[in-house]
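A.B. asks: Okay, predicted coordinates and the sequence, questions at the end:
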Amino acid sequence: MARLLVCLLACFFWVGAAAAQDGSTEAPKLTDEVRQDFQNWLVGVRADARKQGVSEAVIEAALSDIEPVARILERDRNQAEYTITLAKYRERVITAENIRVGLGKGARHQDLMARVSARYGVQARYILAIWGIETRFGAITGTMPVIPAVATLAYDKRRSAYFYEQLMATLKMLHRGYIDLPNLKGSWAGAMGQPQFMPSSYLAYAQDFDGDGRRDIWNDEGDVFASIANYLARHGWDDNQTWGRAVQAPAAVRARVQKSFDRPQSGCRAIKQMSPSEGLNAWSRQGVTNADGGPLPSRNLDAQMILPDGVDGQAYLVYKNYRSILRYNCAHLYGVTVGELSDALWTQ
C-alpha cells in the first residue's frame, strides 16, 4: 500500500478498532521501564541496519536521542472514532473549493502534467485527484519527523513487522541521499510528502522526473506527479479506460451483489466487497443503467458492482483501473471519491 490512512481520511471514516496483539485498544504507557526497553530494542535495529548496508553515520544520526512518542501510540489506537457514509465523505472532499483549486493547479501545471501522463500512461485528472485527496494539492503534508514515528510503531507490538520494514526503508532512504534527516517529515504514521508514500513505497515507486538525482516528493511537483503516476501504472493502470460510474440497479440485482460479498476471496475488505466481474452488456440485460437512467456504454468492458453504503445506497460499476486506485488505499470511500473527483477535474 502507498501509505496508511492519511489524516484527512483517518478523520473522516471508520477503519476498524485498532487492537494490540493482546486484544487491548489502550495505548501502552511510556514508563521508564518501557523507555529503557526501547533503547535495548534499538541495539538490534542498529545491528540489522548495518547488515542491510546502512552507513554508521546515518545510523548514529537517525537513531540517537529518540524514544517512543506517546501521541503516536494514542493516534494508532484511536483511529476508529465513528463511521461515515460515502455520501457524507464526498460532501467533505468533493467541494466547490477543492474543485476550484484542483482546476487551477491543473491549469498551472498543464504542460508538466501532460509530459508525466505521456510517460506513464496515466491521465492527468487521476494524478490531480489523488494529489488533492492526499494532501489538498500539496498544502498539508505532515510535520512529524518520520524516524521517531515509524520507530515507535515498529517497537509497538500491534503492527511491528510492517513498521519495522518501514523503519529499515527510511534508513535506506537517508543512506542513499534521497532526503536529509532534518527534512524527513510526514504524517504521524510515517506517510511522506505530497503523495503520502510510506517509506517502502517510496523506495519502490518514487520517481526522479527532472533527473536531478533526488526523488523529491516533498517539494518537486514533477517528482510528485510522476511518483503518483508510476504507482498507478505499476499496479495495472490502463489509460484507455476510466475508473467506473454510478449506476441505477434493480433491487434483485443489488441483493444478489450484496450476497456475493460473502464468497471466499483474498484481499482487503474493499476487494472482498466487489461483485464477480461481468461485461457491461450483461449488466445492461439485468436492468442496470447509468445513474441518469440512460443506457450503459456500448463498449463491453468488464465491470464489478460495489455498494459502498450498503444494498440501499448508491451502486457503482467499476473497471480494472478502480483496483489500481484501491492499491493506493484499499477503501471504497477512497476509491470512489478519487474517481468522482477526477471526473469533476476533467477539462478535456
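C.D. replies: Sure thing, it's come through. A quick note: this is a predicted structure, and the numbers were derived from the prediction, not measured.

A.B. asks: Need the pLDDT of the closest residue in space to residue 207 that isn't next to it in sequence.
C.D. replies: In this structure, residue 207 finds its nearest non-sequential neighbour in residue 226, 3.8 Å apart by CB to CB, 6 or more residues apart in numbering. Bear in mind the C-beta positions are built from the backbone N, C-alpha and C, glycine included. Residue 226 is assigned 98 on the pLDDT scale.

A.B. asks: Burial check on residue 226, number of neighbours?
C.D. replies: For residue 226, the neighbour count with other CB atoms under 10 Å is 29.

A.B. asks: which stretches of the stretch 151-300 of the chain form helices?
C.D. replies: Using DSSP state H, counting those that start in this stretch, the helices of the stretch 151-300 of the chain run over residues 160-175, 199-205, 221-234, 251-260, 269-272, 280-285.

A.B. asks: Determine which of the ones you listed shows the lowest mean per-residue pLDDT.
C.D. replies: helix 269-272 - the lowest mean pLDDT of those, at a mean of 92.

A.B. asks: Now distance to residue 102 too, for the helices of the stretch 151-300 of the chain, in a markdown table please.
C.D. replies: Rendered in a markdown table, the data for those read as follows (distance: least, CB to CB, whole Å):
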| stretch | distance to residue 102 |
| --- | --- |
| helix 160-175 | 29 |
| helix 199-205 | 22 |
| helix 221-234 | 13 |
| helix 251-260 | 32 |
| helix 269-272 | 24 |
| helix 280-285 | 29 |
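
A.B. asks: Nearest to residue 192, out of those?
C.D. replies: helix 199-205 (6.4 Å; CB to CB).

A.B. asks: For the closest one, C-alpha coordinates in PDB please.
C.D. replies: C-alpha atoms of helix 199-205 as PDB (Å, rounded to 0.1, in the frame of the first residue of the first chain):
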ATOM      1  CA  PRO A 199       8.900   4.600   3.100                       C
ATOM      2  CA  SER A 200       8.800   1.200   1.400                       C
ATOM      3  CA  SER A 201       6.600   2.600  -1.300                       C
ATOM      4  CA  TYR A 202       8.900   5.500  -1.700                       C
ATOM      5  CA  LEU A 203      11.800   3.100  -2.400                       C
ATOM      6  CA  ALA A 204       9.700   1.100  -4.800                       C
ATOM      7  CA  TYR A 205       7.800   3.700  -6.700                       C
END
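
A.B. asks: Contacts made by that helix with the rest, please.
C.D. replies: 1-3, 146, 150, 165-167, 169-170, 172-173, 178, 190, 192-193, 197, 215, 217, 227, 230-231, 234 (CB atoms under 8 Å, 6 or more residues apart in numbering).

A.B. asks: For that helix, which residues meet the burial criterion?
C.D. replies: 199, 200, 201, 202, 203, 205 (16 or more other CB atoms under 10 Å).

A.B. asks: Residue 138 against residue 194, yeah?
C.D. replies: Yes: the pair residue 138 / residue 194 is scored as a contact, 4.4 Å apart, by CB atoms under 8 Å.

A.B. asks: which of the two has more neighbours?
C.D. replies: Neighbour totals were compared for residue 138 and residue 194, and residue 194 leads with 26 against 18 (other CB under 10 Å).

A.B. asks: I'd guessed that one sits against residue 135; true?
C.D. replies: Yes: using CB under 8 Å, residue 194 is in contact with residue 135, at 5.0 Å.

A.B. asks: No further queries at this time; thank you.
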